[in-house]
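Q: fold the following.
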Amino acid sequence: MKSNNVAKQFSTVKRWMVTALFCMLTIAFVWQGAFFSNTSAMADPAGTLIAYDDADRAQDKAARDAGRTKNFIDDTADKVKDAAKSNSSKVDQATDNDSPIGRKAKKDATTIQKRANEDASRTKEAVDNTKNVVERTVENIKDAFGK
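A: Residues are numbered from 1 along each chain as shown. Purely as a prediction, here's the structure:
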């Protein structure tokens, strides 16, 4: 099968495109090498100090956020306990004094309050663990920068 004129033109265009791409890549690699030949500029201590300050800010923010989260957890636990007390008293008022339903409502309210305290405690512990992980990571980053 004979190659026609259009196929020859495509072949020529492909060769020119590959050559142009190869030249552009060569120029890019040479240009990048020229910028990174001075390695003392990369070891500038000012960059380390900026990263160190950012690390301190990250630790402070982690501590502040953990405190806010703990306050939110306490508020939520208090609201759950208040709702349990309120529901228990409403059931007690709606039923006869010392009825089985009233006793069950009081027992349930006590259980809900106990579980609210336990859940809040576990959640606070998880917040503390997360905060500690963030602080350890920041400390490791600081150590990597040599301060």
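Q: top helix in the protein by residue count?
A: Longest helix in the chain, counting residues (DSSP state H): helix 45-94.
Q: following it, which helix or strand comes up?
A: For helix 45-94, the succeeding helix or strand toward the C-terminus, using DSSP states H and E, is helix 100-145.
Q: and the angle from that next one to helix 45-94?
A: 180 degrees (axes from the mean of the first three to the mean of the last three CA atoms, to 10 degrees).
Q: next one: helix 100-145 to chain centre, how far?
A: 19 Å (CA atoms, centre = their mean, to the nearest Å).
Q: could you do stretch 78-86 as well?
A: 32 Å.
Q: same check, this time on stretch 11-20
A: That offset, for stretch 11-20, works out to 48 Å (CA atoms, centre = their mean).
Q: show the pLDDT at Tyr52.
A: What the model reports as pLDDT for Tyr52 is 62.
Q: packing partners of the longest helix of the chain?
A: Packing contacts for helix 45-94, counted by 3 or more CB pairs under 8 Å, 6 or more residues apart in numbering; DSSP states H and E, involve helix 100-145. No exception for glycine: its C-beta is placed from N, CA and C like everyone else's.
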